[in-house]
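> give me a model of this one.
(one chain, ligands or ions: 1)
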Amino acid sequence: MNAAIDDATRGPAGDDLVLHHYGSSPFAEKARLMLGLKGLSWHSVTVPMVMPKPDVVALTGGYRRTPFLQIGADVYCDTALIVEVLERRRPSPSLFPAAIAGQARALAQWADTELFWTALPYAMQPAGATALFAGAPPEMLQVFVADRKAMSEGMPQVRGIDAGAALAQYLDWLSSMLADGRPWLLGGEVSIADLSVYHPLWFLTKTGPLAEVLTPHQALRAWMGRVGAIGHGERAGKLDGAGAIALARASTPRPAAVDAGLGFEAGEPVTVTPYDYARDAVAGTLAGLTTRTVTLARDDERAGRVHVHFPRIRYTLKKAG
Ligand SMILES: N[C@@H](CCC(=O)N[C@@H](CS)C(=O)NCC(=O)O)C(=O)O
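Predicted coordinates for the structure are as follows:
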């Protein structure tokens, strides 16, 4: 067993789930809850909150956002894709119950974009930032702010006061969904919408006095208790970045295929870039393409051949050069 794998009992095998994340990341909390809902066991790699992230980049080719999921030499970026991978691995309980699947996807996308990018500037106002970084070395907050400023260059800069005004309305909207006493946002069944709406609100709970914005919303807070109680599944062990890279190197990526009629050929050099922020292009050769996902093959000096997978929504796919 590789020495870098610090799980004394069992390091991950090529088919095991390895989540790369950090504790305070809202999107990582969404992913941990997905694993929890499905009762899955997973290995944990803690990644840095800010750049540089050399071990992350060795696996992803430059995608720096958190979290991502590794299965051997396959790397799945974005929680919108991770949920599909987990759904395939353990279909039941589903995060997309048939009767509400479309609504659940649409509400989840709103929460992962608009709600998240409203909660964040609200939370990062001085009182919130002080609470979020309490106990951290004083320079950490400055490093974090500089990193996120560079990462979100080109995005609209929402002021705290405007974010607060929007957030108050969004919390009203969400509360009204629960007003008939239903346990979950879309009715009697939990769905991806619950997890996506939860993670920005979970982040707000860590903002000291600013968390009071949630106080009037009793039904929403009770719902948050139900979502939080889903838990994180079973953490089978911990790995460090070097151990995760060694696992990729020892594994073979799963076969992928390029569907006809989508404008691209297997094997051609391409880049994939998020639309909105952290717009670092990942370069590779096209290994897989469907209307829903895109897969790049990359040869990394440390990780060997890896397949890096992205959702097709909110990512630009371009022929290289
Ligand atoms: N659409 C992505 C968004 C992920 C995201 O924005 N994550 C934040 C952390 S919650 C991030 O990457 N921050 C920068 C970083 O961790 O380096 C997803 O669903 O996974």
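
> return the distance of residue 58 relative to residue 284.
Separation of residue 58 from residue 284 (CB to CB, to the nearest Å): 13 Å. Where C-beta positions appear, they are placed from N, C-alpha and C, glycine not excepted.

> so the residue in the stretch 101-250 of the chain positioned nearest to the ligand: helix, strand or coil?
The ligand sits closest to residue 112 of the stretch 101-250 of the chain, with a gap of 5.4 Å, by CB to the nearest ligand atom. Here residue 112 is helix, with the state taken from DSSP: H, G, I helix; E, B strand; the rest coil.

> the one 10 residues further on now?
Counting by three-state DSSP, the backbone at residue 122 sits in helix.

> mean confidence score for stretch 190-209?
The pLDDT scores in stretch 190-209 average 99.

> er, stretch 41-50 I mean
Rounded mean pLDDT across stretch 41-50 is 98.

> where does the closest residue to the ligand within the stretch 201-321 of the chain sit: helix, strand or coil?
Here the stretch 201-321 of the chain gets closest to the ligand at one residue, residue 278, 6.1 Å apart by CB to the nearest ligand atom. Classification of residue 278 using three-state DSSP returns coil.

> tell me if I'm right that it and residue 65 touch.
Yes - with contact defined as CB atoms under 8 Å, residue 278 reaches residue 65; the gap is 5.0 Å.

> name all residues that make contact with residue 204.
Contact analysis of residue 204 by CB atoms under 8 Å, 6 or more residues apart in numbering lists 119, 122, 123, 210, 211, 213, 214.

> mind checking pLDDT for the third one?
Note for residue 123: predicted pLDDT of 98.

> quick one: contacts for it?
Neighbours of residue 123 in contact, by CB under 8 Å, 6+ apart: 129, 132, 203, 204, 206, 207, 210.

> tell me who's in contact with the nearest residue to the fifth one once chain neighbours are set aside.
The one in question is residue 206. Nearest residue to residue 206, sequence neighbours excluded (CB to CB, 6 or more residues apart in numbering): residue 132, at 5.6 Å. Residue 132 makes contact with 24, 123, 124, 206, 207 under the criterion CB under 8 Å, 6+ apart.

> which PyMOL command selects the buried ones in these?
This is the PyMOL syntax for the buried subset of the contacts of residue 132, where burial follows 16 or more other CB atoms under 10 Å:
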select buried, resi 123+124+207
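
> look at the residue of the stretch 201-321 of the chain closest to the ligand and report its pLDDT.
The predicted local confidence for residue 278 is 98.

> okay, now it: neighbour count?
17 (other CB atoms under 10 Å).

> now stretch 252-266: mean pLDDT?
Stretch 252-266 comes out at a mean pLDDT of 98.
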